[in-house]
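K.L.:
Have a look; sequence and predicted model below, questions after that.
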Amino acid sequence: MGRRTLAVAAVILVAAAVPAAGGSADLEPPLATSSNVHYLAHIPGTAAGMNFKDHYAYASGWGGIMVLDIAQADSPQVVGNLPLPHFENEDVDLCARLGDEGRILYLPAARFRHRGGESASRLGYDRFLPIFYRNAIRYRAAHYGAAARLAYRLLLVKGMALRLLVLPLRADVPRPRPEAARAYLRVLKVALGLAA
């Protein structure tokens, strides 16, 4: 890893640990650390992943995609930002926004590979699931009427309550029961409006 990449990674690691404007004041610990990555400066926003091309870093996070010019590694500059405020529903939101602007083309020959489960495995199920559903609620707030939003929240409460009820009875569970129970309880709080 080059010096420029390490310098930008240091800035992004800090950005990932600091909430976006208007977010919680409680700092989440970084998902990973390295002894050769050091704090340089804070760039507002969040980052969950990063890719590099030429002298640009593309940071994707809970609020969208940020493009940084890293020609001077010790002073990265934000040169672009694509807000996608509905993490885990960002593809649906972007498609709806593109549809509002014109038409969407379907290219059957186009292929891509998605490596699913990265966010859940890095964050832990009990942190990931509330984020997923909180953003699903945000998406619905932007695109649906009051009755549909209420119906979604009620179904979410019912679904999480049922998951909690059957959790002790299930013979096989894909993750540890305590972690699953914490996740379902946190989603219940989100659905009931008791957690931000």
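P.N.:
Ah, there it is. Numbers count the residues shown, from 1 in each chain.

K.L.:
ok, longest helix in the protein?
P.N.:
The longest helix of the chain (DSSP state H) is helix 146-166.

K.L.:
That one: which residues count as buried?
P.N.:
Residues of helix 146-166 classed as buried: 152-153, 156, 160, 163-164 (neighbour count, 16 or more other Cβ atoms under 10 Å). In short, each C-beta sits where N, CA and C put it, glycine included.

K.L.:
domain parsing for the protein?
P.N.:
For the chain, the structural domains run 3-83, 118-191, going by automatic domain parsing.

K.L.:
Of the ones you listed, which is nearest Ala109?
P.N.:
domain 3-83 (23.9 Å; Cβ to Cβ).

K.L.:
Check what contacts stretch 181-192 and list those residues.
P.N.:
Residues from elsewhere that reach stretch 181-192 (Cβ atoms under 8 Å, 6 or more residues apart in numbering): 125-126, 128-130, 133-134, 137, 153, 156-157, 160-161, 163-164, 167, 195.

K.L.:
Over to stretch 125-132?
P.N.:
Residues from elsewhere that reach stretch 125-132 (Cβ under 8 Å, 6+ apart): 62, 87-88, 119-120, 123, 175, 179-180, 182-184, 186-187, 189-190, 195.

K.L.:
let's go with 6 Å and repeat that
P.N.:
88, 119-120, 175, 179, 182-183, 186-187, 190 (Cβ atoms under 6 Å, 6 or more residues apart in numbering).

K.L.:
What does Leu107 show for phi and psi?
P.N.:
For Leu107, the backbone dihedrals are phi -120, psi 100 (criterion: degrees, to the nearest 10).

K.L.:
for Gly61, same thing?
P.N.:
Main-chain torsions, Gly61, degrees, to the nearest 10: phi -150, psi -170.
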